[in-house]
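Novice: Here you go, sequence then predicted model.
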Amino acid sequence: MLVPWIDVDQAFAEAESLRRQVDAVFGGRGLDGRHGLIQRPRAVPRFVEDESGYTLSLDLPGVQPDEITLTSAGVQLTLQAGRAEAAPEGYTLRHRERHDFQLSHTWRLPPDVDPEQVDARFSDGVLSVHLPKVPEAAPRQIEVKH
């Protein structure tokens, strides 16, 4: 049985044409609801604990420090951040690797965290939030008077 030869370039061109048609139907979004058919990574926090407290670290590449809002209310810590990139004045954006995003997340603080002493630092695209533990009351000797 003879199988017809398919031009590989033509097959990929047809697949690309189909992708563009799907994007057009979904308003520039692919089948998964995202731009194109590529999934964007989510900002995933990392929590570590030591004897002094907890540290939350979160990668926020391309985000400026003034685009980050961190609030502590009672036993909750709320983070809001975002990034929006636009082409410079007079230019047209043809391709980009990083996508715009808005992030809003609330965490419940562990009961041993002192919310008044929370400290946050942002350096090289990484947000680090230190959540210090409340110092435990050390047993003390009580003087018995007579």
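Specialist: Nice, I can see it. These figures come from a predicted structure and were not determined experimentally. Numbering: from 1, shown residues only.

Novice: hey, which helix or strand in the protein has the poorest pLDDT?
Specialist: Least confident helix or strand of the chain, by mean pLDDT, DSSP states H and E, is helix 8-25 with a mean of 70.

Novice: which residues in this protein form strands?
Specialist: In the chain, the segments counted as strands under DSSP state E are 46-49, 53-59, 68-73, 76-83, 101-108, 119-123, 126-132.

Novice: Tell me how the protein divides into domains.
Specialist: If you go by automatic domain parsing, the domain ranges for the chain are 1-39, 41-88+99-136.

Novice: Point out where the protein drops to low pLDDT.
Specialist: Applying pLDDT under 70 to the chain flags the ranges 1-12, 23-43, 137-139.

Novice: From Thr69, how far off is the residue sitting furthest away from the middle of it?
Specialist: No residue in the chain sits farther from the centre than His146, which is 63.1 Å out by Cα atoms, centre = their mean. Using Cβ to Cβ, to the nearest Å, one obtains 59 Å as the distance from His146 to Thr69. Glycine gets a C-beta too; all of them are placed from N, C-alpha and C.

Novice: now Trp107
Specialist: Remark: distance between Trp107 and Thr69 (Cβ to Cβ) = 14 Å.

Novice: Same drill for these two, tell me which one is more crowded.
Specialist: Taking other Cβ atoms under 10 Å, Trp107 and Thr69 do not tie; Trp107 has more neighbours (15 against 11).

Novice: isn't the more buried one right up against Gln76?
Specialist: Yes: applying Cβ atoms under 8 Å as the test, Trp107 and Gln76 come out as touching, 7.0 Å apart.

Novice: hmm, back to that, minimum distance to Ile142: which of the domains of the chain has it?
Specialist: When the domains of the chain are compared by Cβ to Cβ, domain 41-88+99-136 sits nearest Ile142, at 17.7 Å.

Novice: Relative to the whole chain's centre, how far out is the closest one?
Specialist: How far domain 41-88+99-136 lies from its chain's middle: 10 Å, per Cα atoms, centre = their mean, to the nearest Å.
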